[in-house]
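Trainee: Sequence and predicted structure below; questions after.
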Amino acid sequence: MLVSERFFFWYVLDCFFAWVMRNLSFVYFRLNTDLISACADNSREKEVSRKGVEKMVKRIGVLTGGGDCPGLNAVIRAVVKTAVGEAGLEVIGFRDGFRGVVLNEYQVLTPESVVGILIKGGTILGSTNRDNPFHFKTEVNGQIVYSDLSGQAVENLNRLGIDCLIVIGGDGTLSCAKDFMDKGVKVVGVPKTIDNDLNATDLTFGFMTAVDTATDAIEKLHTTAESHHRVMILEVMGRYAGWIALQAGIAGGADVVLIPEIPFTLEKVVEKVRERQMRGRNFSIVVVAEGAKPLGGEMVVSRRIEDSPDPIRLGGIGQKISTELEQSFGIESRVTVLGHLQRGGKPSAFDRILASRYGVYAVKMALEGKFGMMAALKGTEITAVDLKDAVSSLRTVPAEGELVKTAKSLGITFGD
């Protein structure tokens, strides 16, 4: 091939490749532009939707129901500071749980209202575990009657222009919230209970402070038990779940832990006490949950409150065990019932943080239109779960779970 022919061949080939590259670049540019445009449109739609929900939510209500626990004020503070300071919303606080909604008793909450409450126990809004709006106690012609005043409560919420009601409570209070949701009220739940028995969340605020309180009591009982060579029995709360007893028992170095999930026999408890005595350990610490029961037996009920959604009040199992130890086995023992000390006092640092996270997230759920949901801790993240799942059943201690196995490895007996 002549030089001129070679030159012409390579020139044509070069032009061909240049044309191909120009067209490929154009196609790539068009595809990329279309993709970016589609993503932008989708993002704009989501932003418009989010802003639309935010515009719908201008005033929120908040209430605390059920038994009090450490961290309630921390949630209220977080709700107010986030709603007012970050989203520009108005916050209405209802007094004494759902009672305030029924009777229209409320106060406007501002950032000034929540100054200094982070470290305080209890709740500045008050609480009650007796005033169920669907079974509300009233007096008619001198007679006590129970009526469904939920409709009146809904009217009050509508009259006040409440766009979302943030309900802070345990299974009873959140069950009421679910019922209001079925009546068209936009509700967001926050899980509260020292019992840690709410489903769909790994942890409820208030629980860890209660565990700290029980652990501190166990530590103090150790010294007097050792000095007098006695069995010391500590009865803790928890209702039908043994989370407080189990975790405090592990943290405090208890010898026996009795929980509702594992029925016990007194003979097994005595066996543990005798075994320690054989090793020169002439004292033992027994931690018993108020809902613990002997094999084939029943939980000990201290009293019934008929106008309460949960009328049964557990308590007295510690004294029952103590009496039987002395009468049947000649083992001297003393009982300490920790009671409401577990609910009171300032929240631990852990509970202040968890409660604050719940409060902030609850407001964000309201702004995003996640109604009928509850803020929940899953692993290390706060997320939204269906409120119906949260109250569908109680979260109890797995009898074959890792915590129970850990306790047994440490030498703790469960009386089984």
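Mentor: Yes, it's here.

Trainee: Now do the strands in the stretch 151-300 of the chain.
Mentor: All strands of the stretch 151-300 of the chain, identified by DSSP state E, counting those that start in this stretch, fall at 164-169, 187-191, 231-236, 256-258, 284-289.

Trainee: In TSV: the ones you listed, plus mean pLDDT.
Mentor: Below are those laid out as TSV (pLDDT from 0 to 100):
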stretch	mean pLDDT
strand 164-169	98
strand 187-191	98
strand 231-236	98
strand 256-258	98
strand 284-289	98
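
Trainee: Give me the distance between the nearest residue to V301 once chain neighbours are set aside and M299.
Mentor: Excluding the flanking residues, the one nearest V301 by C-beta to C-beta, 6 or more residues apart in numbering is I312, at 5.7 Å. No exception for glycine: its C-beta is placed from N, CA and C like everyone else's. From I312 across to M299, the span is 8 Å (C-beta to C-beta, to the nearest Å).

Trainee: With K293 instead?
Mentor: K293 sits 5 Å away from M299, going by C-beta to C-beta.

Trainee: next one: L410
Mentor: 26 Å.

Trainee: Look at the two and report which has more neighbours.
Mentor: M299 (18 against 12; other C-beta atoms under 10 Å).

Trainee: if I pick the more buried one, what's in contact with it?
Mentor: When contacts are counted by C-beta atoms under 8 Å, 6 or more residues apart in numbering, M299 touches 240, 260, 291-293, 314, 317.

Trainee: Next up, the contacts around the residue nearest in space to the middle of the chain.
Mentor: Taking C-alpha atoms, centre = their mean, the centroid of the chain lies closest to T204, which sits 2.5 Å from it. Neighbouring residues of T204 by C-beta under 8 Å, 6+ apart: 170, 191-198.

Trainee: Skip the chain neighbours and tell me the closest residue to it.
Mentor: P191 (4.4 Å).

Trainee: what sits opposite the one you found in the beta ladder?
Mentor: Beta-bridge partners recorded for P191 (DSSP bridges): G169.

Trainee: Check whether it really touches F205, as I assumed.
Mentor: Yes: counting by C-beta atoms under 8 Å, P191 touches F205, with 7.3 Å between them.

Trainee: The spatially closest residue to G379 that is not a sequence neighbour and I382, how far apart?
Mentor: Excluding its sequence neighbours, the residue lying closest to G379 (C-beta to C-beta, 6+ apart) is D202, at 7.0 Å. Using C-beta to C-beta, D202 is found at 10 Å from I382.

Trainee: ok, now T265?
Mentor: According to C-beta to C-beta, T265 and I382 sit 42 Å apart.

Trainee: neighbour count winner among these two?
Mentor: Between T265 and I382, I382 has the larger neighbour count (other C-beta under 10 Å), namely 18 against 14.

Trainee: Go ahead and confirm the more buried one touches Y361.
Mentor: Yes: contact criterion C-beta under 8 Å: I382 and Y361 qualify, at 4.6 Å.

Trainee: Need the overlap of contacts for those two.
Mentor: With C-beta under 8 Å, 6+ apart as the test, I382 and Y361 both reach A375.

Trainee: thought G415 was touching E261?
Mentor: No: under the criterion of C-beta under 8 Å, G415 makes no contact with E261, lying 11.8 Å away.

Trainee: Neighbour count: these two, which is higher?
Mentor: Neighbour totals were compared for G415 and E261, and G415 leads with 24 against 20 (other C-beta under 10 Å).

Trainee: Let me know how buried the nearest residue to the more buried one once chain neighbours are set aside is, in neighbour terms.
Mentor: If the residues on either side of it in the chain are set aside, G415 comes closest to F264, at 2.7 Å by C-beta to C-beta, 6+ apart. By other C-beta under 10 Å, 22 other residues sit near F264.

Trainee: Likewise for the one 10 residues further on?
Mentor: When counting by other C-beta under 10 Å, one arrives at 12 neighbours for R274.
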